[in-house]
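Asker: Dropping the sequence and predicted coords here.
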Amino acid sequence: MTADAAPTLHLRVLLLSPVEGVDVQCGDTTYTATLLDHPAPGVEYVAYPDAIAVGDLVELDRRRRNPRAFRTRRRREFPAVAFTALLNRLRGRGPLFREPVRLFAVRPGAFDAIHLHVVSAAFYGPCPPIVASAASSLPYLYRHAFGWRGLRLQIAERIERVLAAVLRGNAPLSHFTNVSRLVCYSLEEARMYPVARHFLATDRLDVISLPVDTTNLTRSPAADAVNFGFIAKDFEARGGPMILDAFEICRRTLGPARLSVVGSEAGDERANVLWMGQIERARLLTDVLPGIDIAVWASRLNGISYSLAEAAGSGCALVLPAHPPLIEEFGTEAAEWFEPGSVDDLARAMTSAAVPARRQELSERAVAVFRLRFAADAVARQLQASYLRAVTESAQR
């Protein structure tokens, strides 16, 4: 079900989500920054580094950062903490996922709820209700984005499941303990994972999209030559080679079309292809996106991304693979859809979207969907409702 708006009251929410300047810069740090900048009325977010700084949150496996707090923990917790710290130091080597499991203790009464976003974490001692959100499961991510297969993937997944079970921890859409509610970006996404299907079956799942700040989203006048745009750091995983091949095909029909590749390192020299590399997000929103007529996405991963949501908000026409979660997010009429993995069908979709009347139609529909599903203030109100449900349900137990 979709979370609706809820009555206003003060909720202090610990935001346990990647933070820019502390964690690796990615779409999830944008998620955190957007929530901090756009809380719903009555919601006070506290980013986890700030909570640690004032003693409301203790990270147990970072002994040198909080030695006194660590020494106050019960002795029986030490083996789990020490084992987890050892595994975390080995991550990125052999059959282990790179994402660490982090161990926390929350000061009683400090927060009304915890929003846990993509962080693998376990909590010791009493803690408030947890609302968890994640874009995809770690095994799915490593299979489709990084190409892990066979025994390596099976061993990594088993290690994470065992560790999460022993620690009574939480790993993104793989294992959840003591989570009150789960947030997914679409029902189709939720149906992909057994743990998410459990939350759906027990009426504890809320469908809430990415929050996107609309402040810098603008549109430039259309140019004579159609400008396609592909925005991704992971060129291979996001379908970059396929888009290059499809562009070669449709350019024969369209004439002086261009393709701007943003976020990826320069590849093969091709006619009318501009490799822009990684650029600051502010420049992307104010200088680059406004000049892109058609945003093309061919990812093997079937979920939403910030670059795609921001392209919709900027009024780009969208050409997307017909993955069920994406169709649910945007609706059948808000994009030109193509068969995933088909270069010929992608070229057809790009050519169709380039027709001026069709391009204008797709642009208007993308903006309408964006305002309904992705605008930060609308998402904030939906999250507020999810927090309130979690608090209410926890009090009734």
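Answerer: Received the coordinates, thanks.

Asker: contacts and neighbour counts: CA atoms only from here.
Answerer: Will do.

Asker: Strands of the stretch 201-350 of the chain, residue ranges please.
Answerer: In the stretch 201-350 of the chain, the strands defined using DSSP state E, counting those that start in this stretch lie at 205-207, 227-231, 258-262, 273-277, 294-296, 317-321, 336-338.

Asker: The ones you listed: lowest mean pLDDT?
Answerer: If you rank the strands of the stretch 201-350 of the chain by mean pLDDT, strand 273-277 sits at the bottom with a mean of 87.

Asker: Which strands and helices lie in contact with that strand?
Answerer: Contacts defined by 3 or more C-alpha pairs under 8 Å, 6 or more residues apart in numbering; DSSP states H and E place strand 273-277 against strand 258-262.

Asker: Pull up the pairing partners for the strand it packs on, direction included.
Answerer: When pairing is defined by DSSP bridges, strand 258-262 lines up against strand 227-231 (parallel), strand 273-277 (parallel).

Asker: to the chain's geometric centre, what's the distance from it?
Answerer: 23 Å (C-alpha atoms, centre = their mean, to the nearest Å).

Asker: Go ahead and name everything in contact with it.
Answerer: With contact meaning C-alpha atoms under 8 Å, 6 or more residues apart in numbering, strand 258-262 is reached by 225-233, 247, 272-279, 292.

Asker: got JSON lines for the strands paired with strand 258-262, with mean neighbour count too?
Answerer: JSON lines is the format used below for the strands paired with strand 258-262 (neighbours: other C-alpha atoms under 10 Å):
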{"stretch": "strand 227-231", "mean neighbour count": "24"}
{"stretch": "strand 273-277", "mean neighbour count": "17"}
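
Asker: among those, which is nearest I304?
Answerer: Nearest of those to I304, taken as C-alpha to C-alpha: strand 227-231 at 12.8 Å.

Asker: and the angle for that closest one with strand 317-321?
Answerer: Interaxial angle, strand 227-231 versus strand 317-321 (axes from the mean of the first three to the mean of the last three C-alpha atoms, to 10 degrees): 50 degrees.

Asker: Correct me if wrong: W275 contacts E265.
Answerer: Yes: using C-alpha atoms under 8 Å, W275 is in contact with E265, at 7.3 Å.

Asker: Just after the helix or strand containing L182, pick out the following helix or strand.
Answerer: Following DSSP states H and E, one finds L182 within strand 181-184. Once the chain leaves strand 181-184, the next helix or strand it forms, by DSSP H and E, is helix 187-192.

Asker: got the contact list for that following helix?
Answerer: So helix 187-192 is contacted by S136, C184, A196, R197, L200, V207, G303, P324, P325, E328 (C-alpha under 8 Å, 6+ apart).

Asker: CSV for those, including neighbour count?
Answerer: Below are those laid out as CSV (neighbours: other C-alpha under 10 Å):
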residue, neighbour count
S136, 22
C184, 23
A196, 23
R197, 17
L200, 19
V207, 21
G303, 17
P324, 15
P325, 20
E328, 15
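
Asker: hmm, which two among those residues are most spread apart?
Answerer: Farthest-apart pair in those is L200 and G303; separation 18.1 Å (C-alpha to C-alpha).

Asker: what's the helix or strand containing A165 packed up against?
Answerer: A165 belongs to helix 150-167 when elements are defined using DSSP H and E. Judged by 3+ C-alpha pairs under 8 Å, 6+ apart, the packing partners of helix 150-167 are helix 138-144.

Asker: any low-confidence regions in the stretch 251-397 of the chain?
Answerer: For the stretch 251-397 of the chain, the stretches flagged by pLDDT under 70 are 301-302.

Asker: P100 contacts L86, doesn't it?
Answerer: No: taking contacts as C-alpha under 8 Å, P100 lies outside contact range of L86: 10.3 Å.

Asker: What mean pLDDT does the host helix or strand of A82 get?
Answerer: If you go by DSSP H and E, A82 is part of helix 78-90. Helix 78-90 shows a mean pLDDT of 71.

Asker: what about stretch 276-292, how long is it end to end?
Answerer: Start to finish, the residues bounding stretch 276-292 are 13 Å apart (C-alpha to C-alpha, to the nearest Å).

Asker: now stretch 102-117
Answerer: Start-to-end span of stretch 102-117 (C-alpha to C-alpha) is 13 Å.

Asker: ok, residues contacting that stretch?
Answerer: Outside stretch 102-117, the residues that reach it (C-alpha under 8 Å, 6+ apart) are 11-18, 28, 55-61, 81, 84, 119-134, 172, 387, 390-391.

Asker: Separate out the buried members of these.
Answerer: Among the contacts of stretch 102-117, the ones that count as buried by 16 or more other C-alpha atoms under 10 Å are 11-18, 28, 55-61, 81, 84, 119-124, 127-134, 172, 387, 390-391.

Asker: Filter the residues you listed down to the ones in helices?
Answerer: D28, V81, T84, Y387, A390, V391 (DSSP state H).

Asker: list the contacts for the closest residue to the third one other than its chain neighbours?
Answerer: Pointing back at T84 there. What sits nearest to T84 in space, not counting adjacent residues and going by C-alpha to C-alpha, 6 or more residues apart in numbering, is V101, at 7.0 Å. By C-alpha under 8 Å, 6+ apart, the residues touching V101 are T84, N88, V119, S120, A121, A122, A171.

Asker: rerun at 7 Å
Answerer: Going by C-alpha atoms under 7 Å, 6 or more residues apart in numbering, V101 touches T84, N88, S120, A121.
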